Structures are given as C-alpha cells and as structure tokens.
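**Q** Got a predicted structure plus its sequence, pasted below:
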Amino acid sequence: MTTYFTDKVAVVTGAASGIGRALSVELARRGAHLAISDVDTAGLAETEALVAAHGGQVRASFLDVAQRELLVQYAEDVAEHFGRVNMVFNNAGIAYTGSVQEMAFKDLDRVMDVDFYGVANGTKVFLPHLIASGDGHVVNISSLFGILSVPSQSAYNAAKFAVRGFTEALRQEMILGGHPVKVTCVHPGGIKTNIARNAEQADSRNHDEIATSFDKLARTSPERAAQIILRAVEKGRARVLVGADAKVLDALVRASGSRYQGLAAAFGRRNGL
C-alpha cells in the first residue's frame, strides 16, 4: 500500500526508545527508509531490527547530537548512502530536575547542548539536503514545557522554549525563501517513555520519586504519539499538541496568560517540585 511516506528517506535521532523508536517503526510500516541514531547502541539495535522487519532500508548509527562536527559528517554520510534526505525528526533529548539554585552550570549546559543545540544542529546540517530533495520536512520535538514552565525544570523549559522559537522562525524563513521544506513543531505532553528514569537530578532530589511521579502523569503511549505526529506531518501542520494534557494546558496558558505561573507554583508546592 502506497502512503505519503512511501520511499521517502527519514532521519530520526534519539531512536533507541520512546517516541524516537515509535516514529521509526511507524515510518517504516508506512514505507519510508530510515536513518536512525542514538547514543544507546543496544536500544538502537533493537529499533533497527523492528524497522528492518518492515522491509525498508535502515541505517543505524551511534550519534551524540551535541557533537556538531559529528553531525556535519553524519548528514553527508546519510545523504550519500540514500541519495537524498526528505525528512528529519530531531527527537533526541534528555531531562534534568533541579532548581536554578541547585543545578550546576554543567547541568544547564548539558541539557541545552542536547535538547536545543542538538535540534538546531540537526536542522542546520540537513537543511541543504532537504531543500535539494524538493520535498523536505523538518520535524522538531519541543514539549508541553515549551508552552508553559514549571518549577524544577528551568533548564528543560529553556531548551524546549528555544526549540519552539527556533522552529517557528525556520518555518517563516522557508515560506519567505520559497523553499520546498515544511516545518512542524511538536509539543508532547506526558508520554510513557524512559526519559524521567534516564534523567539526572540535583543531589537533593530522589530519582525514584521523580520517575514515579512522572509515570503517574504520562498517559499517552509512544505509539499513539507517533501516529499523531505523522498525521500532522502529512497535513503539513506548523504545530501539533500530543495528548489531552498538552491540549488542556495549552488552552489554560492561552486563557490565563502569565497567571498560570501562580497555578504552576501551587502545583509544585503540593508535589514537592
């Protein structure tokens, strides 16, 4: 069966688990060819096997998206391997829990390097190839926390708000330049992934408590998230909210303006944020 994604070459970062794995598998199921990457080589191998089972071409690579020089070479290698690149899903991300006072500069730098510069790097190195394809699409994964801020997530909020601003500006530039590249910014709410369990936190924070609290809030499966994201890509949407929580809280921010911050602070007080 031919789909919108049939024979298109899609790059997915952070593909070893979670949304990245679900996107890779769903893209393969719909006929795309995949260049997948992650720093988790064991998880990446599992994703590679799942993708290969659908019969499409797949190229799996170890890649740290914070290493710009490696990304430059990676983009050239992928384009040479497949002959073109049609889509880039800049999905790789990490989390950190701790207040501005608690976190060290290295913690802030690491989150920004992966969650913002990883997206910016991936966009910039692949953009010439997307334009050359004549049918390009950039899909950058921000977050619900790119719409609203909460206590103890200042680094993550900063990175995800930056992704949002970067992506929205890029979309305008593609329109102004008349380039054949669509741009979509994705704002997932609570997704059932391992991001909280793999996250770091300030020394005063309890890792297991943070992960358990996140698990209670995560309602959407990665597979469902992937389906929502790909439907938005098919329709060329500029912005997509993933999950009922993302939709409700986006509406709250729109209605309340800066007053939502008081509500978030109260929520943080009750939940030990």
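**A** Arrived safely. Numbering: from 1, shown residues only.

**Q** any weak-confidence spans in the stretch 51-200 of the chain?
**A** Low-confidence segments of the stretch 51-200 of the chain, defined by pLDDT under 70: 194-199.

**Q** For it, which segments are assigned as helices?
**A** If DSSP state H, counting those that start in this stretch is used as the criterion, the helices of the stretch 51-200 of the chain fall at 68-82, 105-111, 117-133, 154-177.

**Q** elements contacting the shortest one?
**A** Yep, that's helix 105-111 we're talking about. Applying 3 or more Cβ pairs under 8 Å, 6 or more residues apart in numbering; DSSP states H and E, one finds that helix 105-111 contacts strand 96-97, helix 154-177. (C-beta placed from N, C-alpha, C; glycine too.)

**Q** before we move on, back to that, switch the helices of the stretch 51-200 of the chain over to TSV; also include mean neighbour count and distance to residue 267.
**A** Converted to TSV, these look like this (neighbours: other Cβ atoms under 10 Å; distance: least, Cβ to Cβ, whole Å):
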stretch	mean neighbour count	distance to residue 267
helix 68-82	16	37
helix 105-111	15	22
helix 117-133	21	27
helix 154-177	18	14
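
**Q** Figure out which of the helices and strands packed on helix 105-111 is closest to residue 41.
**A** Proximity to residue 41 (Cβ to Cβ) singles out strand 96-97 among these, at 22.7 Å.

**Q** Direction included, what does the closest one pair against?
**A** Sheet pairing for strand 96-97, assigned by DSSP bridges, gives strand 200-201 (parallel).

**Q** So what touches stretch 51-60?
**A** Outside stretch 51-60, the residues within contact range by Cβ atoms under 8 Å, 6 or more residues apart in numbering are 15, 24-25, 28-29, 31-37, 44-45, 47-48, 78, 81-82.

**Q** Can you turn the buried subset of the residues you listed into a selection I can paste into PyMOL?
**A** Selection of buried members from these for PyMOL, criterion 16 or more other Cβ atoms under 10 Å:
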select buried, resi 15+24+25+28+29+31+32+33+34+35+36+37+44+47+48+78+82
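
**Q** now, which of the contacts of stretch 51-60 lie within strands?
**A** Those of these mapping onto strands are 33, 34, 35, 36, 37, per DSSP state E.

**Q** Could you verify my assumption that the last one touches residue 44?
**A** Yes. Contact status for residue 37 versus residue 44: in contact at 7.1 Å, counting by Cβ atoms under 8 Å.

**Q** where do the contact lists of the two overlap?
**A** Shared contacts of residue 37 and residue 44, defined by Cβ under 8 Å, 6+ apart, are found at 15, 60, 62.

**Q** nearest to residue 258, of these?
**A** Comparing the shared contacts of residue 37 and residue 44 against residue 258 with Cβ to Cβ places residue 15 closest, at 37.1 Å.
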